[in-house]
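Student: everything below, folded, please.
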Amino acid sequence: MKQIAVIGTGYVGLVTGTCFAEMGNQVICVDNNQHKVAQMQAGNIPIYEPELDVLFERNIKAGRLHFTTNLAEGIAQAEIIFLALPTPPGADGAADLSFVLGVAEELGKLITDYKVIVDKSTVPVGTAEKVQAAITKNARTEFAVVSNPEFLREGFAVSDFMKPDRVVLGCSDSRAANIMEALYKPFVRQGNPIYIMDEKSAELTKYAANAFLATKITFMNEIANFCELVGADVDQVRIGIGADARIGKRFLFPGIGYGGSCFPKDVQALAKSGKEQHYDFKILQAVMEVNENQKTILLPRIKNYFRGSLQGKRIAVWGLAFKPDTDDIREAPALALIEALLAEGAHICAYDPEAMTNVKQVVGDKISYAPDEYAAAKDADALLICTEWGIFRNPNFVALKDLMKDTVIFDGRNLYDADQMTQHGFYYSSIGRNTVYRNA
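Tutor: Numbering: from 1, shown residues only. Below is the predicted model:
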């Protein structure tokens, strides 16, 4: 059993703290948001992440998971301190390290015995050195700084943490390396590796992983766009290239672009880091440009269907989160498309199983919100699918047809096949596939 402090209770921090507690450790999570901490102390989880609520409640009841706003109290007994703080992009695209370095300076004033300080936040190459320097300003005792990037997928974060395919530790202190290896050993009993490397390599590993996956998604979107020009079917292309073990099947599904808290920020930050070293990441620049355009790629098609004018048209939107099984709307393609539709004079009625509360805080009453997917579709001139939630994959098409004013679907996530839509008599436009016309 280890004594652990986790500073920051966003998606990464709360999952990290809860999962370490689930493995029998004593964990205290620190956050400066008093309302949020009071909410968690009362047993209420502030984010939506599948399976997290069960572990959260169980470990609070077991007395292994605690919360405080007091940094000194939070780290007093901790042997290991995780920094799971936000690193948002600045105006120039670089990761803002002010939260991380601000806490690091405070830690230097507070630590009185050997601590392992762990960068869990996604940070640029060289951050471990900066954290080391920030703590050293005030420290009166020995400590170690470790880079331990997270590889959690929103919607699967708990399973990813409990059964990681690899653990990456950037560490040049052997004592800290032994402590961290012992901490993670129970999570890799099936034989998945713990990689110990230098801090800079660990930091770059996270950025490189996310940038590569974002590139893979974007490349497939480019192929999908080309498929439409030449009459090919992107699903057949995807299957054909995914069978190659060197490429693999994952991250080949085309759509209206990626979003979320990781890919957009990390690709941008890596490109900015390159510029700081006088290196031009040409591929990443293209990825960002293509992805931004992809978010609204359906808009011209929607306008074309309605003969150039969306004024007064009622568009139903299914899905607001950037991906299913999360309430995260950061950089969500749905929001970009909604703003574009509103600018054209359309009326939007949206439904998402988890993200509507967050959208209301950003979009407000510029759109209306429905209690379920069918209510959103009532009297709609067209249905727009932006997030591939499971409940949207097999709707009652007969009921949907009766509810809608016009039987038109623009599918940004390719949920349905052409034969299915032909059978039900819908006009159906998707990504990288031939449009299905009614009575075709």
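Student: is V27 located within a strand, as I assumed?
Tutor: Yes. The assignment for V27 is a strand, going by DSSP: H, G, I helix; E, B strand; the rest coil.
Student: buried residues, the helix or strand containing A286. List them.
Tutor: Using DSSP states H and E, A286 sits within helix 282-294. Buried positions in helix 282-294, judged by neighbour count with 16 or more other Cβ atoms under 10 Å: L284, V287, M288, V290, N291, Q294. Heads up, the C-betas are built off the backbone N, CA and C, glycines and all.
Student: which helices and strands does whichever helix or strand comes after it pack with?
Tutor: Next along the chain after helix 282-294, taking DSSP H and E as the criterion, comes helix 299-305. Helix 299-305 is packed against helix 333-343, strand 382-385, strand 408-411, strand 427-429, with contacts defined by 3 or more Cβ pairs under 8 Å, 6 or more residues apart in numbering; DSSP states H and E.
Student: need the winner for burial among those.
Tutor: Highest mean neighbour count of these: strand 382-385, a mean of 26 (counted as mean count of other Cβ atoms under 10 Å).
Student: mind saving the C-alpha coords of the next helix or strand after that strand as PDB?
Tutor: Using DSSP H and E, the helix or strand that follows strand 382-385 in sequence is helix 397-403. Written as PDB, here are the backbone C-alpha positions of helix 397-403 (Å, rounded to 0.1, in the frame of the first residue of the first chain):
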ATOM      1  CA  PHE A 397     -36.700   4.000 -38.800                       C
ATOM      2  CA  VAL A 398     -40.400   3.600 -39.200                       C
ATOM      3  CA  ALA A 399     -41.100   5.800 -36.200                       C
ATOM      4  CA  LEU A 400     -38.400   8.200 -37.300                       C
ATOM      5  CA  LYS A 401     -39.900   8.500 -40.800                       C
ATOM      6  CA  ASP A 402     -43.300   9.300 -39.300                       C
ATOM      7  CA  LEU A 403     -41.900  12.000 -37.000                       C
END
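Student: ok, which of the helices and strands packed on helix 299-305 comes nearest A209?
Tutor: helix 333-343 (21.4 Å; Cβ to Cβ).
Student: list the helices and strands the closest one packs on?
Tutor: Where contact means 3+ Cβ pairs under 8 Å, 6+ apart, helix 333-343 is packed against helix 299-305, strand 314-318, strand 347-351, helix 356-363.
Student: list of residues touching that helix?
Tutor: Under the criterion Cβ atoms under 8 Å, 6 or more residues apart in numbering, residues 255-259, 294-296, 298-299, 302, 310, 315, 317, 319-322, 329, 348, 350, 359, 362-363, 366-367, 384, 386-387, 412 lie in contact with helix 333-343.
Student: check the offset of it from the chain's centre.
Tutor: 19 Å (Cα atoms, centre = their mean, to the nearest Å).
Student: now do stretch 368-375
Tutor: 24 Å.
Student: coming back round to it: is it possible to export the helices and strands packed on helix 333-343 to CSV including mean pLDDT?
Tutor: Shown next, in CSV, are the helices and strands packed on helix 333-343 (pLDDT from 0 to 100):
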stretch, mean pLDDT
helix 299-305, 97
strand 314-318, 98
strand 347-351, 98
helix 356-363, 96
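Student: please identify the deepest-packed of those.
Tutor: Comparing the helices and strands packed on helix 333-343 by mean count of other Cβ under 10 Å gives strand 314-318 as most buried, with a mean of 27.
Student: so that strand versus helix 356-363, what angle?
Tutor: 130 degrees (axes from the mean of the first three to the mean of the last three Cα atoms, to 10 degrees).
Student: now mean pLDDT and distance to S147 too, for the helices and strands packed on helix 299-305, in TSV please.
Tutor: Converted to TSV, the helices and strands packed on helix 299-305 look like this (pLDDT from 0 to 100; distance: least, Cβ to Cβ, whole Å):
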stretch	mean pLDDT	distance to S147
helix 333-343	98	31
strand 382-385	98	39
strand 408-411	98	41
strand 427-429	97	45
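Student: backbone dihedrals for the residue lying closest to V398 once chain neighbours are set aside, please?
Tutor: Of all residues not flanking V398 in the chain, H424 sits nearest, at 7.5 Å (Cβ to Cβ, 6 or more residues apart in numbering). H424 has phi and psi values of phi -90, psi 0 when expressed as degrees, to the nearest 10.
Student: the longest helix in the chain is where?
Tutor: For the chain, the longest helix by residue count, based on DSSP state H, is helix 199-230.
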